[in-house]
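Novice: Provided below are the primary sequence and the corresponding predicted coordinates.
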Amino acid sequence: MKILAIESSCDETAAAVVEDGRRVLSNVVASQIEIHRRFGGVVPEIASRNHTLAIDNVVAEALEQADAGKDDIDAVAVTYGAGLLGALLVGVNYAKGLAYAWKKPLYAVSHVKGHLAANYIDSTLEPPYLCLLASGGHTALLSVKDYEATELIGQSRDDAAGEAFDKVARVLGLPYPGGPEIQRLAKQGRPVYKMPLPSFKNDTELRFSYSGLKTFVINLVHGMEQRGEEIPRADIACSFQECAVEQLFRAAECAAERTGAEKVAVAGGVSANERLRARFGEWGERTGREIFYPQLKYCTDNAAMIGAAAYYLVRSGAKPAGADLDARATVPL
Ligand code: KG4
Ligand code: ZN
């Protein structure tokens, strides 16, 4: 089954053709990062307008690279949420129009499920497994019992991990998106600052928290600025990254021990982080757990992951979406 997938939830206009959920025939991403960088973050209205300008070419390019036309495509899939409403609507309406014109079934895919499915691409991962999702919008632990049966076992009580990377980067004068910038700068520093790290040991519900860590860094930097001190940016970036990664790791370790998970997958934009991969990799080797991460190009937003998720949605017997399909700013985890 070949699925044409479309994703426009934030600042990437993306389309892909995916075969049987695991084989990517094309994966086109038109990034708006350069456009939003001067504003220090994504401006929703500008994102929507640029999706409108890009989507036709992005879809055409994805079909061309996959050497596929209307007759080769079995279904159209689109991200309906979570994300920026105006941005999502561009993809949803385009997909609706295309599915109607081509007389193909349309499937509405959750962006969160897409991030999870990024781990199926070119991979042998099958449920059951434990998934740590860490992106700009979500930080959660999910027990994936089957492709369409997940149980939420922990989520953030405040900010998402990626959001903390972005905000700390901003206070350190680094451009958007902050994750890769912090990672780069952290290599020149040492983890000399002790930063707040929640403990999970006695919590029945695993609750991440990134707002305290973010505020700690903001106060640290502002205090130094007020005293006229030079900001040790690399040491702060390194200390923050260690602490942010340690929180993700400890929660996942706690959840794996409680659920007895032998396979652990990490997904979402933050799963691109080298320190996080090293920390989970070392744990996997030590405990014999199998650790999965998406390939780097499938960690951040893309449509291939939406095509992969759509395949398992179709296989579960889900009904295609109707013409009344709407975008949603939030979706259940
Ligand atoms: O999954 P994603 O592309 O979009 C959302 O669904 O939110 O995640 C974007 C987030 C941003 O906050 C970005 O700073 C973070 O992922 N990110 C990283 C890295 N690459 C992207 N965070 C830490 N280290 C990275 N290498
Ligand atoms: Zn995402």
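Specialist: Yep, it's here. Bear in mind the structure is a predicted one, so any value in this text is a computation, not a measurement. Ligands and ions are numbered 1, 2, ... in the order given.

Novice: okay, CA-based contacts and neighbour counts for the rest of this
Specialist: Fine.

Novice: can you get me a residue count around T204?
Specialist: 10 (other Cα atoms under 10 Å).

Novice: sec struct for it, please.
Specialist: coil (DSSP: H, G, I helix; E, B strand; the rest coil).

Novice: do the same with F280
Specialist: Relying on three-state DSSP, one would call F280 helix.

Novice: which pLDDT value goes with it?
Specialist: The model reports F280 with a pLDDT of 98.

Novice: how far away is it from ligand 1?
Specialist: From F280 across to ligand 1, the span is 14 Å (Cα to the nearest ligand atom, to the nearest Å).

Novice: correct me if wrong: D11 contacts I35.
Specialist: No. Applying Cα atoms under 8 Å as the test, D11 and I35 come out as separate, 9.3 Å apart.

Novice: need the contact partners of the helix or strand where V266 lies.
Specialist: Taking DSSP states H and E as the criterion, V266 maps to strand 263-267. Outside of strand 263-267, the residues within contact range by Cα atoms under 8 Å, 6 or more residues apart in numbering are 115-116, 118-119, 128-135, 256, 289-294, 299.

Novice: keep only those of those residues that are in strands.
Specialist: Residues of those located in strands (DSSP state E): Y129, L130, C131, L132, L133, A134, E290, I291, F292.

Novice: pretty sure the second one contacts E257?
Specialist: Spelled out, that is L130. No. In this structure, L130 is not within contact of E257 by Cα under 8 Å, at 10.6 Å.

Novice: the more surrounded of these two?
Specialist: Neighbour count, other Cα under 10 Å: between L130 and E257, L130 has more, with 26 against 11.

Novice: need the contact list for that one.
Specialist: By Cα under 8 Å, 6+ apart, the contact set of L130 is L141, L142, S143, V144, A255, A256, A261, K263, V264, A265.

Novice: that one pairs with what?
Specialist: According to DSSP bridges, the residues that bridge with L130 are S143, V264.

Novice: near ligand 1, which residues of the stretch 101-250 of the chain?
Specialist: Counting by Cα under 6 Å from any ligand atom, the stretch 101-250 of the chain comes close to ligand 1 at S135, G136, G137, G162, E163, F165, D166, P177, G178, G179, P180, Q183.

Novice: once you drop chain neighbours, what's closest to the second one?
Specialist: It stands for G136. Of all residues not flanking G136 in the chain, G162 sits nearest, at 4.1 Å (Cα to Cα, 6 or more residues apart in numbering).
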